[in-house]
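Engineer: sequence? don't have it. structure:
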């Protein structure tokens with residue numbers, strides 16, 4: 001019988017860091033979930049299971065012949081490579097698009113059109129097979145890579161954060177699909193940030209902390225222990241206070257009654273295919289909005305209009321922070337008002353820089369640092385690092401040496417440092433463990449508290465991805481109701497409409 005056994009294993013991560021797995025056995029047909037905080041070593045464990053890390057001492061005996069591992073980092077590299085093939089965001093008329101189709105990506109290692117079509121049908125992406133992969137949404141790329149992972153019919157399938165970026169329906173479908181694969185004899189190892197992501201069919205679970213597998217057991221046993229630890233940590237977050245902004249807020253340059261966003265009859269389309277269709281939208285000071293919709297509905301496209309990054313913003317009746325698009329404003333006139341984090345920003349942040357500089361770049365709205373940093377900005381950045389619990393050695397380490405979740409948390413802080421007029425959070429909680437999710441919620445609590453300059457918050461989610469304060473039905477929950485309403489826009493493919501409800505934020 002196929003199995004993977006690790007005994008007293010120590011794996012090399014770097015010159016100064018190792019992963020410790022004292023005792024772990026995965027038998028054929030088992031289903032495992034490994035959970036831990038950001039930076040605990042979960043992704044490293046996935047690589048160790050796949051045989052991708054050097055073993056310094058101990059034993060690793062593997063009788064599986066076909067092992068497949070899928071991770072966010074692989075997605076980042078693939079998307080980056082696809083854009084490098086034809087490095088332009090907007091092709092000229094008649095210019096050839098050299099990017100590969102989704103079908104070509106899925107069959108990158110195993111060429112089998114029939115199996116590709118079958119998997120695409122199971123994951124609901126048959127219509128995307130002929131589309132260029134680099135133009136897919138985050139959730140759609142995840143589905144495509146899951147199809148790619150299954151092309152080789154693996155015996156052991158290792159999935160690092162498989163549910164991140166998927167909408168409610170897709171998450172349910174994936175969980176059902178994984179259960180079916182497990183019933184068919186495929187051994188599964190899921191690496192997750194949260195215990196509530198563990199599918200019901202998973203038999204065993206493990207907990208990682210400080211790059212050590214600290215506990216293993218049945219899923220039900222470990223769930224009971226995890227709830228106590230999470231509740232204790234949430235109590236300690238209540239008194240977290242945020243550092244000051246560097247300069248007098250740009251809030252003061254705008255009238256208190258001036259809308260932050262006005263979009264009239266907005267239309268966005270690609271190749272005559274509508275993404276947003278006759279959408280009118282107005283965001284007033286201090287309003288908080290949630291934008292929900294399935295993968296590929298146009299959530300990120302709508303937000304790219306606000307950030308000034310979408311070229312079709314000029315062809316729409318769009319006013320941002322009192323300036324009509326195309327009236328002579330610069331992109332920096334828009335970005336100075338905005339704090340922004342998204343999966344696309346995460347993928348685009350490829351410069352070689354330190355964690356500290358990533359946070360500092362939020363003061364300049366840049367990817368990387370290209371101007372002098374003041375002593376005050378350095379001091380404020382250190383205060384943010386202290387809140388995150390990042391020591392100086394980690395702060396001055398390369399940004400990409402951090403785990404995916406730690407990188408995302410640093411990018412969220414980058415969006416907050418200047419205390420923006422508008423905070424745009426596009427799937428911000430992807431990759432974060434429960435404790436860091438609570439920390440981000442606390443950040444937003446402070447930014448929206450009474451007595452502060454009104455910060456408008458726009459939060460995009462795919463519905464199933466954990467929102468800041470909304471349930472999947474769009475109801476806001478929490479302790480202190482505000483007088484400011486939070487309104488929900490629901491986007492569906494090929495159309496956009498306002499939901500028929502509004503509710504109090506928190």
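Structural biologist: Perfect, thanks for sending it. Fair warning: this is a prediction, and the values are worked out from it, not measured in the lab.
Engineer: What is the burial count for residue 407?
Structural biologist: By other CB atoms under 10 Å, 23 other residues sit near residue 407. C-betas here are computed from N, CA, C, even on glycine.
Engineer: so who does it touch?
Structural biologist: Applying CB atoms under 8 Å, 6 or more residues apart in numbering, we find residue 407 in contact with 346, 349, 399, 400, 431.
Engineer: Name the member of those with the most neighbours.
Structural biologist: Top of those by neighbour number is residue 431, holding 23 neighbours under the definition other CB under 10 Å.
Engineer: Just to be careful, could you list which of the contacts of residue 407 are in strands?
Structural biologist: Nothing among the contacts of residue 407 maps onto strands, per DSSP state E.
Engineer: So which of the residues you listed is the closest to residue 124?
Structural biologist: Set against residue 124, the nearest of those by CB to CB is residue 431 (23.2 Å).
Engineer: Now for the residue nearest to residue 45 when sequence neighbours are not counted: which residues touch it?
Structural biologist: Leaving aside its sequence neighbours, residue 45 sits nearest to residue 34 (CB to CB, 6 or more residues apart in numbering; 5.7 Å). Applying CB under 8 Å, 6+ apart to residue 34 gives the contacts 42, 45, 46, 189, 190, 191, 192, 205, 206, 207, 208, 213.
Engineer: do residue 349 as well
Structural biologist: Residue 349 neighbours (CB under 8 Å, 6+ apart): 358, 367, 399, 407, 411.
Engineer: Point out where the stretch 201-350 of the chain drops to low pLDDT.
Structural biologist: Residue ranges of the stretch 201-350 of the chain with pLDDT under 70: 226-239, 248-252.
Engineer: Any idea what the nearest residue to residue 225 once chain neighbours are set aside is bridged to?
Structural biologist: In this structure, residue 225 finds its nearest non-sequential neighbour in residue 215, 7.5 Å apart by CB to CB, 6+ apart. Note on residue 215: beta-bridge partners residue 207, judged by DSSP bridges.
Engineer: pretty sure residue 215 is in contact with residue 206, am I right?
Structural biologist: Yes - between residue 215 and residue 206 there is a contact under CB atoms under 8 Å: 6.5 Å.
Engineer: between the two, who's got more neighbours?
Structural biologist: Applying other CB under 10 Å to residue 215 and residue 206 shows that residue 206 carries more neighbours, namely 22 against 15.
Engineer: For residue 244, see how far away the more buried one is.
Structural biologist: Distance, residue 206 to residue 244, by CB to CB, to the nearest Å: 42 Å.
Engineer: circling back: pretty sure the residue nearest to residue 45 belongs to a strand, no?
Structural biologist: Yes - assessed by DSSP: H, G, I helix; E, B strand; the rest coil, residue 34 belongs to a strand.
Engineer: Now do residue 57 against residue 22, distance only.
Structural biologist: Residue 57 sits at a distance of 12 Å from residue 22 (criterion: CB to CB).
Engineer: more crowded one of the two?
Structural biologist: Set side by side, residue 57 and residue 22 show more neighbours around residue 22, with 14 against 9, by other CB under 10 Å.
Engineer: That one contacts residue 213, correct?
Structural biologist: Yes - if you go by CB under 8 Å, residue 22 and residue 213 touch, sitting 6.7 Å apart.
Engineer: Can you pull the residues that touch both of residue 215 and residue 206?
Structural biologist: Residues touching both residue 215 and residue 206 (CB under 8 Å, 6+ apart): residue 222.
Engineer: For the residue positioned nearest the centre of the chain, which non-adjacent residue is spatially closest?
Structural biologist: Nearest to the geometric centre of the chain sits residue 430, at 3.2 Å (CA atoms, centre = their mean). Distances taken as CB to CB, 6+ apart place residue 164 nearest to residue 430, at 4.5 Å, with adjacent residues excluded.
Engineer: and what of residue 38?
Structural biologist: Closest to residue 38 by CB to CB, 6+ apart is residue 405, at 3.3 Å.
Engineer: give me the number of residues near that neighbour?
Structural biologist: 26.
Engineer: any idea of the mean pLDDT in the helix or strand where it lies?
Structural biologist: Assigning secondary structure by DSSP states H and E places residue 405 in helix 404-416. Helix 404-416 carries an average pLDDT of 90.
Engineer: Please identify the pairing partners of the helix or strand following that helix and their relative orientation?
Structural biologist: Going down the chain from helix 404-416, the next helix or strand is strand 422-426, by DSSP H and E. When pairing is defined by DSSP bridges, strand 422-426 lines up against strand 338-341 (parallel), strand 456-461 (parallel).
Engineer: Any idea which of the ones you listed gets closest to residue 436?
Structural biologist: Set against residue 436 and scored by CB to CB, these come closest in strand 338-341, at 13.1 Å.
Engineer: Contacts for the closest one next, please.
Structural biologist: Outside strand 338-341, the residues that touch it by CB under 8 Å, 6+ apart are 306-307, 362, 365, 408, 411-412, 414-426, 428.
Engineer: Please repeat the previous calculation with a cut-off of 6 Å.
Structural biologist: Applying CB atoms under 6 Å, 6 or more residues apart in numbering, the contact partners of strand 338-341 are 307, 411, 412, 415, 416, 420, 422, 423, 424, 425, 428.
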